[in-house]
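>>> need a structure here:
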Amino acid sequence: MKKMIVVWFADFLALWFADAVLEGIAFSDKTALAVTALILALMNAIVKPVLKVLSFPVTLMTFGLFSFVLNGIVLMMAFHLAEGSYVSGLPTAMIAALLVSVIGSIFGADQK
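Numbers count the residues shown, from 1 in each chain. All right, here's what the predicted structure looks like:
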């Protein structure tokens, strides 16, 4: 449970930073930001491992570069599930996912 709280907090900070830096990301309020971070943390724990297994052949053929696309897709799904959050498209989501990964690893919240 403690790890999930750390992951949620790291995702919250990363999404807040991405909102400040990137023009293609917006939240209606802090509650939407918190809910999006929670959905993202849950999706990274539950959905992303399944997608990694299913996309392994493509990831292997692209020498791992498809994992950036997969991270962006998971982030876009989290934004679409959370009310009051907006991401402009996959390229913006991929950049935001990279920021989330970097900030998550700084906090030690990266999930394997």
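
>>> Mind jotting down where the helices sit in this protein?
Assigned by DSSP state H, the helices in the chain fall at 2-21, 30-54, 56-61, 66-81, 90-106.

>>> Now do the shortest one: which elements does it pack against?
This points to helix 56-61. In terms of contacts (3 or more Cβ pairs under 8 Å, 6 or more residues apart in numbering; DSSP states H and E), helix 56-61 is packed against helix 66-81. Every C-beta, even on glycine, is put in place using the N, C-alpha and C of the backbone.

>>> what's near enough to touch the most centrally placed residue in the chain?
By Cα atoms, centre = their mean, the chain has its centre lying nearest to Leu75, at 4.0 Å. Counting by Cβ atoms under 8 Å, 6 or more residues apart in numbering, Leu75 makes contact with Leu40, Val87, Ala93, Met94, Ala96, Ala97, Val100.

>>> hmm, back to that, including mean pLDDT, could the helices of the chain go into JSON lines?
Below are the helices of the chain laid out as JSON lines (pLDDT from 0 to 100):
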{"stretch": "helix 2-21", "mean pLDDT": "90"}
{"stretch": "helix 30-54", "mean pLDDT": "94"}
{"stretch": "helix 56-61", "mean pLDDT": "95"}
{"stretch": "helix 66-81", "mean pLDDT": "95"}
{"stretch": "helix 90-106", "mean pLDDT": "92"}
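
>>> Nice, that's everything, thank you.
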